[in-house]
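need a 3D model of the sequence below.
(2 chains)
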Protein chains: 2
Amino acid sequence: MAHRSALIPLVQRFFEHDPVAAVQSLETMKESDAMKVLRALPAPLAVQAFRFLSAGHAARLLEDAPPDIFREILDKLEPRQGATLFLNLSDEDREKFLEHVPEKTRAKIAELLQYPENSAGRIMSTDFLTLHTSVKVKDAIRRIRALSRRNAPASYVYVVDSEDHLVGVINMRDMLIASSTQTLESVMRTDIVSVNSFLDREEVANLLSRLRYFAAPVVDSENRMLGVVKADELISDVQDEATEDIQKMFGAGGDERAMSPVLFSLRKRLPWLHVNLGTAFLAASVVGLFEDVIARFTVLAVFLPVVAGQGGNAGAQTLAVVMRGLVLREIPRGKIWRLILKETSVGILNGVAIGLVTALVAWMWHGNAVLGVVIGLAMIVNLFAAGLSGAAIPLTMKTMGLDPAQSSSIVLTTVTDVVGFFSFLGFAVLFQNHLA
Amino acid sequence: MAHRSALIPLVQRFFEHDPVAAVQSLETMKESDAMKVLRALPAPLAVQAFRFLSAGHAARLLEDAPPDIFREILDKLEPRQGATLFLNLSDEDREKFLEHVPEKTRAKIAELLQYPENSAGRIMSTDFLTLHTSVKVKDAIRRIRALSRRNAPASYVYVVDSEDHLVGVINMRDMLIASSTQTLESVMRTDIVSVNSFLDREEVANLLSRLRYFAAPVVDSENRMLGVVKADELISDVQDEATEDIQKMFGAGGDERAMSPVLFSLRKRLPWLHVNLGTAFLAASVVGLFEDVIARFTVLAVFLPVVAGQGGNAGAQTLAVVMRGLVLREIPRGKIWRLILKETSVGILNGVAIGLVTALVAWMWHGNAVLGVVIGLAMIVNLFAAGLSGAAIPLTMKTMGLDPAQSSSIVLTTVTDVVGFFSFLGFAVLFQNHLA
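Below is the predicted model of the structure:
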C-alpha cells in the first residue's frame, strides 16, 4: 500500500503536465487497471481526464465506475459529451445513467438527441452567451467576468434582438478594443454565418473550413439561437465521416465500430454478403456460358483469378481516387465527363501495359502464344471497363442524389468480373482453333 | 454589354451575402467563365472569393488570371495559402508565381515548404502576436487595437521571455477581465500545450480534438514560437488524411488526386498493378495444381468467381472496420487479440450462413448435392480466413510500425484467393468419387 501511494503524486503530475499523453496511456490499459488509476486521482483531475477519453472508452469505463466517481462524472458532464456517451452505453446502463444525471443536463441531452444523427443539432454545444443589442460594452464585460468565475468558456458573445432572433456576433477582441459605453448593437458584426440545426455535420465542417471560422452559431428555422458548433469538436466528426465511407463501400454499414459486438457485425454485414453472393453467381453464370471451351482447355480456368484480380484492383484504384475527390469536393460539376474520360484512358493504357506482361507470362508459363494473345486482349478490355465503371459508378450515384459510397465496390466488382470473364472466354472461343 | 453590367450588382450581392455558396457555384463553372465572374467583381471581393477556393481550383484559376488580378491576388496572399497554392501549380507557373509574389511572403512560403509534408510546420499560419512577459495589459490592448486596423486576426496573445522562449498564453477574454496595470506574466496561463514543427498533422488534429482547443502554438526544438495551427484549418487536412488511406489500401498512392494528369496516375498505379499481377498468378498457380480435377468436372471452374468474390468482400468488410478503428484510435493495445478473435468469429458465422445458401444454390442449379457440400465447406474456410486476415494484416502492420493502409487490400485479396481456391478445389479432390 505504501508502495502504491508513493506512485500517486507521479501519476497525478503526468495528468497535470500532459493530459493527452496520460489519457492515451490510460486507453491502452485494461479497463479495471484504468479504473484504478482514475480512482487514485483527485476527483477534479479524474473528471477532467474522463472528458478527454474517446466516447467508446468513456462509456466502457463509466459502466464499471464505482457509484461515487459515477455520480461525480455525471455531475460535471457537458450535455454534448453526455449525448455521445448515452449512445455508447448498453440499454441497461442507459437507464442507470439517466437516473443519476442531473435533471438540467438530462433535459439538454434529451434535446440534443432529438436531432437527426450527424446533424448540427446533435453535435452542438449548448453552452453559449447571448446578450441583447441594447446592452452596453461595460455591462457585457461585467457579465463575462462573472461567468469566468465558474469557468464557462466564451470566445464569442452572440447578440439577439427583442424577439430573441440572432442578429450579430462580437468576438472578445472587438469587445476589448471597443469603448465601454457603446451598445453591443454598435460594436457587433452583422455579417454572421449561422447554420440550421438540421444541417449535416459534413456541411458545417466544410463551411467552417472554408470561412476559417472556429465556431458557428446553430439556429432554428426562426433564427433563434440553439447552440454553437466548434471547429475543434468537429475534427473527430470529420474523421468519423470520412472513414465511414470506406466501410460503406464494402457493405459493412456506416455505424459499425471496431469494438461492436459480434451479433451487431453479423446483422450489418450479412445482407451485403448476400447481395455480393448474387452478383458473384452472375459472374459465375458468365463462366457457365463457356463451360464447353473450358472443358476443352482447362488452362483457361487457371487464368480466371488473374482476370478477376486485375480488373478488381484497377477498378478499386479508380474508385478510391474518385471517392476521395468527391469527399474533398475537388471535382467540379463541369468536369465530370473529363474525369470519366481520363479514368477510361488510364484504364486502357494500364490495360496495354499489364496485357503485355500477362501475355508474356502466360506464353512462357504454358508455352502457348495464342493463350498469351487471348489473356492480353482480355486484360485491355477488362482494365478499360474497370477505369470507366470505377469513375462512372460513384459519379452517377452522386448525380442521382444517392450516397456514392454505398456498396459502390460491390457493384464495381460485378462489372469487372462480368466484363473480364466475358472478354477472356469470348476471345478464347474466337481463337479456339489456334489454342491447342 | 448593358445586359451584362446589370447582372454585376446581383453577383456582387451574392458574394457578399453568402460567400461560401457563391464560391461553391464558382467551382462548378468552366474556368474561363469563373474567371469572367472574378473579373467582374470589385478587386477586394475577388481576392476574398479567391481565398475561399479549394487549393486545386485556386491554382487552375491563377494560371489563367490576367496580370492585374494575378498581382492583386499575390499581394494579398497568406503564406499558408501561398505554400499550398505553389504545390498545386505546374513547374512553369511556379516560376511566374515566385517572380510576382512579394518578397516577404516569398520568404515565408519558402520557410513553410522546408518542413516535411503533413507536418505542423507545413500547415501552420505565421501570423501571430507575441509579447514579452513584462508588458502591461493596457499596452497589450493598445497593440491589439493597432493591429486590428490592418485586420490581423488574433484570438490569443502568446507570451515570451527574454530569450524568446514561449512561456504562456492569454486569450482575449482573460485580457478583457484583467486589470489594465497587471503584467502579462501575472495574467497568462502557463499550462500551455505547444506542438513541435515536425509533428504529424494527424497528431496535431488529435491533440486539438481531445483538448477542445481551437489553436495550438508551433515551436522549434528550443521552444521558440514559429506559428499557429488552427482547428478550422485542420478540418480539410483531416479529410485529406483519412481519404488518403482509401487510396493507399488499393495501391493508388496517397498523393494522387481526382484531377491529376493521366501520366501521373499511370506512374502511381502501374507498380501496384504489377504487384497485384504477381499475387494473382500465385492464386492462379493454386488453381493450376488442380487442373486434373477441373478437367474432370468443369463445373468447378464456374464456381471459382463465387469463392474469390465472397472471400474478397468479407475480407474487405473486416479490413474497412479495422482501418476505421485505427484512424479513430478506438482499438486499445490490450484489445488487439480480442478484436482478431471477434473478427474470426464473425468470419466463421458469416461462413456458415453464406455456406448454407451457396450450397443450396449450387445444389439446385447443378442438381448435384456433393457439389453443394464442397462449395459450402469451402465458404466456411474461406470466410474464416477472410475474417482472420482482414483483422490480422492491418493490426500486424501497425504493430510493426508500418502504415496499415499501404496496399493492405492487395495482401488481403491474395490470402483470401489462395485459401479460397485451395480449400474449394481441395474439398473437390476429397469428394471427387462422389461428385460425378
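
and A:V229, that's in a helix?
No - remark: A:V229 does not belong to a helix; assigned using DSSP: H, G, I helix; E, B strand; the rest coil, it is strand.

what about whatever residue of the stretch 51-200 of chain A ends up closest to chain B, distance to B:D191?
Nearest residue of the stretch 51-200 of chain A to chain B: A:M172, at 3.3 Å (Cβ to the nearest Cβ). All C-beta spots, glycine's among them, are computed from the backbone N, C-alpha and C. A:M172 sits 20 Å away from B:D191, going by Cβ to Cβ, to the nearest Å.

which of these two has more neighbours?
Neighbour count, other Cβ atoms under 10 Å in any protein chain shown: between A:M172 and B:D191, A:M172 has more, with 21 against 10.

up against chain B, what does the stretch 51-200 of chain A have?
Counting by Cβ under 8 Å from any Cβ of the partner chain, the residues of the stretch 51-200 of chain A lying close to chain B are A:52, A:54, A:56-57, A:141, A:144-145, A:148, A:154-155, A:171-177, A:191, A:193.

change it to 10 Å
By Cβ under 10 Å from any Cβ of the partner chain, the residues of the stretch 51-200 of chain A that approach chain B are A:51-57, A:60, A:78, A:80-81, A:125, A:137, A:140-142, A:144-149, A:153-157, A:171-178, A:191, A:193.

strands - which of these land there?
Secondary structure from DSSP state E places A:156-157, A:171 of those in strands.

so where do the strands sit in chain A?
Using DSSP E, strands in chain A cover A:130-132, A:156-160, A:166-171, A:195-196, A:215-219, A:225-230.

in chain A, which residue is most central in space?
Taking Cα atoms, centre = their mean, the centroid of chain A lies closest to A:E241, which sits 1.8 Å from it.

counting neighbours, what do you get for the closest residue to A:V411 other than its chain neighbours?
Closest residue in space to A:V411, ignoring its immediate chain neighbours: A:I393 at 5.5 Å, by Cβ to Cβ, 6 or more residues apart in numbering or on different chains. Using other Cβ under 10 Å, A:I393 has 21 neighbouring residues.

the one 5 residues further on too?
By other Cβ under 10 Å, the residues close to A:K398 number 18.

what separation do you get for it and A:I336?
For A:K398 relative to A:I336 (Cβ to Cβ), the value is 9 Å.

now for those two: what residues contact both?
Among the neighbours of A:K398, those also in contact with A:I336 (Cβ atoms under 10 Å, 6 or more residues apart in numbering or on different chains) are A:V322.

give me every residue that touches the residue nearest to A:L199 when sequence neighbours are not counted.
The shortest distance from A:L199 to any non-neighbouring residue, by Cβ to Cβ, 6+ apart, is to A:A120 (4.8 Å). Shown in contact with A:A120 (Cβ under 10 Å, 6+ apart): A:194-201, A:203-205, A:207, A:216-219, A:226-229, A:234.

what of A:T358?
Counting by Cβ under 10 Å, 6+ apart, A:T358 has contacts A:303, A:306-307, A:310, A:351, A:372, A:375-376, A:378-380, B:277, B:280-281.

could those residues be laid out in a markdown table, adding pLDDT and neighbour count?
Supplementary listing: the contacts of A:T358 in a markdown table, determined by pLDDT from 0 to 100; neighbours: other Cβ atoms under 10 Å in any protein chain shown:
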| residue | pLDDT | neighbour count |
| --- | --- | --- |
| A:F303 | 93 | 25 |
| A:V306 | 93 | 28 |
| A:V307 | 91 | 28 |
| A:Q310 | 93 | 28 |
| A:G351 | 95 | 27 |
| A:G372 | 94 | 21 |
| A:I375 | 95 | 25 |
| A:G376 | 96 | 22 |
| A:A378 | 96 | 29 |
| A:M379 | 96 | 29 |
| A:I380 | 96 | 21 |
| B:L277 | 90 | 20 |
| B:A280 | 91 | 26 |
| B:F281 | 92 | 20 |
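
narrow the residues you listed to those in helices?
Cross-referencing the contacts of A:T358 against helices under DSSP state H gives A:303, A:306-307, A:310, A:351, A:372, A:375-376, A:378-380, B:277, B:280-281.

quick one: which of these is nearest A:E92?
B:A280 (49.4 Å; Cβ to Cβ).

quick check: the closest one vs chain A, distance?
According to Cβ to the nearest Cβ, to the nearest Å, B:A280 and chain A sit 4 Å apart.

was I right about that residue contacting B:G312?
No - the criterion here is Cβ atoms under 10 Å, and B:A280 misses it with B:G312 at 11.9 Å.

quick check: neighbours shared by those two?
With Cβ under 10 Å, 6+ apart, B:A280 and B:G312 have common neighbours A:308-309, A:312, B:413, B:417.

name the member of these with the most neighbours.
Neighbour counts for the shared contacts of B:A280 and B:G312, by other Cβ under 10 Å, peak at B:T413, which reaches 30 neighbours.

now that one, nearest residue through space, not along the chain?
Using Cβ to Cβ, 6+ apart, the closest residue to B:T413 is B:G312 (5.5 Å).

which residues touch A:L402?
By Cβ under 10 Å, 6+ apart, the neighbours of A:L402 are A:394, A:396, A:408.

any idea how far it lies from A:G325?
Distance from A:L402 to A:G325, by Cβ to Cβ: 17 Å.

domains for chain A, by residue range?
A:2-114, A:130-233, A:262-435 (automatic domain parsing).

weakest of those domains in terms of mean pLDDT?
Mean pLDDT across these is lowest at domain A:2-114; the value there is a mean of 78.

coming back round to it: buried members of the contacts of A:L402 into PyMOL, please.
Buried residues among the contacts of A:L402 (16 or more other Cβ atoms under 10 Å in any protein chain shown), as a PyMOL selection:
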select buried, chain A and resi 394+408
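
nearest to B:A252, of the contacts of A:L402?
A:P394 (14.1 Å).

how much space between the closest residue in space to that closest one that isn't next to it in sequence and A:G325?
Among residues not flanking A:P394 along the chain, A:P404 sits closest, at 3.8 Å (Cβ to Cβ, 6+ apart). Computed as Cβ to Cβ, the A:P404 to A:G325 distance reads 10 Å.

which residues do the two both contact?
A:394-395.

how about A:G56: what's its closest non-neighbour residue?
In space, A:G56 is closest to B:E330, 5.3 Å off (Cβ to Cβ, 6+ apart).

got the contact list for that neighbour?
A:27, A:54-57, A:257-259, B:324, B:339.
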